[in-house]
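**Q** When you get a sec, could you give me coordinates for this:
(one chain, ligands or ions: 4)
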Amino acid sequence: MRRDKYEKELLVAQLAVQRAAILTKRVFHEKAKGTVDKNDKSPVTIGDFGAQALIIAALQHNFPDDAIVAEEESAKLREDEKLRSTVWELVKDTRLDNPDAEALLGGPIRDADAMVELIDKGNSPGGAHGRIWAIDPIDGTKGFLRGGQYAVCLALMVDGDVKVGALGCPNLPVDDAARLTAGIGENQTDDDGHGVLFSAVLGHGATSRPLATVSLDPELGKPISMRAIDDLTQANFCESVEAGHSSHGDQAAISHRLGITAPSVRMDSQAKYGSIARGAGDIYLRLPVSATYQEKIWDHAAGDLIVREAGGQVTDVNGKRLDFSVGRTLANNKGVVAAPLAVHAKVLEAVQEVLSSKL
Ligand SMILES: Nc1ncnc2c1ncn2[C@@H]1O[C@H](COP(=O)(O)O)[C@@H](O)[C@H]1OP(=O)(O)O
Ligand SMILES: [Mg+2]
Ligand SMILES: [Mg+2]
Ligand SMILES: [Mg+2]
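**A** Ligands and ions are numbered 1, 2, ... in the order given. Model (predicted):
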């Protein structure tokens, strides 16, 4: 079956993520310099709002009829004049160092009022109909603050199915061959050799390219694929840093059951999906810690597609594909199990054995 290549959507998504990541990197460095408060939540707040505004501006310019589900809303900015002007100062001079690319995204936002309004365009309830973009302007808040991993995430869903995904990971190595190491979740840098942009279009594979390379050529990326692994004992698995986001205990039991000897690699954000998609790691486990938490679509949409297009399978703990068609959350799913297609069933079996042994 011939599938739509979504060329313009992919290009706009890539450039929008690249532009937003310029802003998040500036915020990170200004935090380090003490220009923004290091100790409260303000760096991430500034980065979240600024990145979301820039991405929505690009989407509205190119696809004005599309709906948007984004993580943040503008209430805090409307009531805090100082925060609003801090964010605006950053947004107003964040641009791509490529005039054609910048023009494609619609150029600068008009003023601070327009910026605040753009942020609120991300309030769609989501659902199973039409074109809906999902945005997480900074995924992995804690990683961003720690100087570990975070991601700028954007995906397009059409009738509830993810068609296009882009993930900007400023602190991951550019080199696809760099295996995950224990220290990747902290004290990373976005200097030379770091910053990668993963993307995928349904039916057309997944790619990676340097986050810093701004180009109007959507074909610039190198194809990525998961590592072929038949001996699961040699697998390398990754999980959240935060014990409150997924069950480290269950994940350790699953990995033990699979005979995996390497310790887990802990890192924040959808950088985990990108990392396994390019074979830097093999398995991503996200076992629920709470019976009530519903995963958000913007935390998974891009990563789910990128892993599947790289030869992986992504399901929940019951073996169901992630269902992006039911609103702003993955209300029909529990947890995430992502692994190369050939071994996913085996991993899922271990997941279910561990979970049923707890009942
Ligand atoms: N109680 C929770 N359980 C699972 N995920 C959570 C929870 N609270 C927040 N998150 C979100 O989980 C994602 C991070 O997951 P990870 O631990 O894999 O890095 C983030 O999107 C974070 O939001 P945020 O986007 O604000 O950082
Ligand atoms: Mg998130
Ligand atoms: Mg976020
Ligand atoms: Mg958040």
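**Q** Could you pull out the strands in the stretch 151-300 of the chain for me?
**A** Taking DSSP state E, counting those that start in this stretch as the test, the strands found in the stretch 151-300 of the chain are 151-158, 161-173, 194-201, 206-210, 222-224, 237-239, 265-266, 283-286.
**Q** Now those strands in a markdown table, please, with extra columns for distance to ligand 3.
**A** Quick note: C-beta positions are derived from backbone N, CA and C, even for glycine. Below are these laid out as a markdown table (distance: least, C-beta to the ion, whole Å):
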| stretch | distance to ligand 3 |
| --- | --- |
| strand 151-158 | 8 |
| strand 161-173 | 13 |
| strand 194-201 | 17 |
| strand 206-210 | 22 |
| strand 222-224 | 24 |
| strand 237-239 | 18 |
| strand 265-266 | 18 |
| strand 283-286 | 16 |
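**Q** could you dump those to JSON lines with mean neighbour count, distance to residue 307 and mean pLDDT?
**A** Formatted as JSON lines, these follow (neighbours: other C-beta atoms under 10 Å; distance: least, C-beta to C-beta, whole Å; pLDDT from 0 to 100):
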{"stretch": "strand 151-158", "mean neighbour count": "29", "distance to residue 307": "12", "mean pLDDT": "98"}
{"stretch": "strand 161-173", "mean neighbour count": "27", "distance to residue 307": "9", "mean pLDDT": "98"}
{"stretch": "strand 194-201", "mean neighbour count": "27", "distance to residue 307": "9", "mean pLDDT": "97"}
{"stretch": "strand 206-210", "mean neighbour count": "23", "distance to residue 307": "8", "mean pLDDT": "98"}
{"stretch": "strand 222-224", "mean neighbour count": "15", "distance to residue 307": "10", "mean pLDDT": "97"}
{"stretch": "strand 237-239", "mean neighbour count": "26", "distance to residue 307": "12", "mean pLDDT": "97"}
{"stretch": "strand 265-266", "mean neighbour count": "22", "distance to residue 307": "16", "mean pLDDT": "98"}
{"stretch": "strand 283-286", "mean neighbour count": "26", "distance to residue 307": "8", "mean pLDDT": "98"}
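**Q** Which among the ones you listed is found nearest to residue 53?
**A** If you check each of these against residue 53 by C-beta to C-beta, strand 151-158 wins as the nearest, at 12.7 Å.
**Q** Return the closest one as CSV; C-alpha atoms alone will do.
**A** The C-alpha coordinates for strand 151-158 follow below in CSV (Å, rounded to 0.1, in the frame of the first residue of the first chain):
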residue,chain,number,x,y,z
ALA,A,151,13.1,16.1,24.5
VAL,A,152,11.1,18.5,22.5
CYS,A,153,8.3,16.4,21.1
LEU,A,154,5.8,16.8,18.3
ALA,A,155,3.6,14.4,16.5
LEU,A,156,0.7,14.5,14.0
MET,A,157,-2.2,12.2,14.4
VAL,A,158,-4.8,11.7,11.7
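**Q** Check which strands are paired with it and give the direction for each one.
**A** Sheet pairing for strand 151-158, assigned by DSSP bridges, gives strand 131-139 (antiparallel), strand 161-173 (antiparallel).
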